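> quick one, fold the following:
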Amino acid sequence: MFGYVMVNKQKLSEEENDTYLGFYCGLCDCLHQTYGRSGQMALNFDMTFLAILLSGLYECEVTSKEYRCPFHPTKKRNLFHNVMIEYASDMTILLTYLKCEDNWEDERKKSSYIYQKALKKKFLQVQAKYPDKVKKIREVLEKTHLLEEEKCEDIDALAGLSGVMLGEILAYREDEWKGLLYEMGDYLGRFIYIMDAYEDVEKDISKNCFNPFIKSYQKCGFDERIKNILELMIARSSDAFEKLPILEYANILRNIIYSGVWARYAMVRKKREDDKDGRSV
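Next comes the predicted model:
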């Protein structure tokens, strides 16, 4: 679920990279200050993207301070803070808690159960602030769970539910930009679901777990077909993004949308091709 919406550092300028790290470190600090160490553990790249996107769209003022991270102590970093980082922090807890809850119900993952318990009080704080979002996202996860239990292979239906979830997250408030933000999140959420299933298909086959691509995985041209679907999802998401009047942080956001999101696909495909070459030797 997390870890797909990341930046391509090699294509950022030094200044842009420092800005990205300012948001990333700011989100990390906000999670720690608001939700403690257990909340801080939920830090991810995806919600950093959310903070940058909304900060750029709504032109939110950012406060900055120098900070020496205990995990990266050799160089001082700028740590950002604003209302959108606070929102991204809340959404991080919301999604992480509900994903842990879903993992426990689906797979009885003990680690998910333990982490869910650690986040329970924090999640209730978020639920009190965003009851409608929590309700809608719970409904999405329940529908996804039912479809997966039925071994549904309709990727449009499954990915569409993930799209609803991320659409709700990106649609920050009821205003003129809600529709475009929702559309952008919808197709980005579909991309994430498809990419996650694509990455996990071999593991799910070996563990006899559900994956909508199990049957199609063995067919010729599987990787290219998935790439074409992923390209379509990102094209639709980026179309919505380009209609938003974002000037500040636009290069960083385009880096993520047009380049960074493909990092995991490239890694997975290369590994599979290397494995095939190794088997053919």
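> tell me the first helix or strand C-terminal of the lengthiest helix in the chain.
Assignment by DSSP state H gives helix 178-206 as the longest helix of the chain. Toward the C-terminus, helix 178-206 is succeeded by helix 214-217 as the next helix or strand (DSSP states H and E).
> buried ones in that following helix, by neighbour count?
Within helix 214-217, the residues scored as buried using 16 or more other C-beta atoms under 10 Å are 214, 217. Yep, even glycine has a C-beta here, placed from its N, CA and C like the rest.
> pull out the buried residues from the helix-or-strand element of the chain with minimal mean pLDDT.
Least confident helix or strand of the chain, by mean pLDDT, DSSP states H and E, is helix 263-280 with a mean of 80. Within helix 263-280, the residues that count as buried by 16+ other C-beta under 10 Å are 263-265, 268-269.
> ok, and what's touching stretch 211-222?
For stretch 211-222, contacts defined as C-beta atoms under 8 Å, 6 or more residues apart in numbering pick out 152-155, 158, 197-198, 200-202, 204-205, 225-226.
> just flag the most distant two among those.
Taking C-beta to C-beta, the two most distant members of the contacts of stretch 211-222 are Asp154 and Glu202; they sit 21.4 Å apart.
> any idea whether Asn228 is helix, strand or coil?
Of the three states, Asn228 takes helix according to DSSP: H, G, I helix; E, B strand; the rest coil.
> look up how far Tyr187 lies from it.
Separation of Asn228 from Tyr187 (C-beta to C-beta, to the nearest Å): 14 Å.
> with neighbour numbers in mind, choose between those two.
Tyr187 (24 against 11; other C-beta atoms under 10 Å).
> returning to that earlier point: and of the buried residues of helix 263-280, the nearest to Ile234?
Nearest to Ile234 among the buried residues of helix 263-280, with distances taken as C-beta to C-beta, is Tyr265, at 10.2 Å.
> the closest one touches Asp196, doesn't it?
No - counting by C-beta atoms under 8 Å, Tyr265 stays clear of Asp196, with 11.0 Å between them.
> residue ranges for the helices of this structure, please.
14-40, 45-58, 83-107, 110-129, 131-149, 155-170, 178-206, 214-217, 222-242, 250-258, 263-280.
> so for the first one, what gets flagged as buried?
For helix 14-40, a neighbour-count test (16+ other C-beta under 10 Å) marks 16-17, 19-32, 34-35, 38-40 as buried.
> same check on stretch 247-267?
So, applying 16+ other C-beta under 10 Å, buried residues of stretch 247-267: 249, 252-257, 260-265.
> and what of stretch 145-152?
Under 16+ other C-beta under 10 Å, the buried positions of stretch 145-152 are 147-148.
> repeat that for stretch 133-140.
Buried residues in stretch 133-140 (16+ other C-beta under 10 Å): 133-134, 137-138, 140.
> what's the spacing between that stretch and its chain's center?
How far stretch 133-140 lies from its chain's middle: 16 Å, per C-alpha atoms, centre = their mean, to the nearest Å.
> any idea of the mean pLDDT in that stretch?
Averaged over stretch 133-140, pLDDT sits at 94.
> neighbouring contacts of that stretch?
94-95, 98, 126-127, 161-162, 164-165, 168-169.
> where does this protein dip in pLDDT?
Counting by pLDDT under 70, the chain has low-confidence residues at 1, 106, 277-281.
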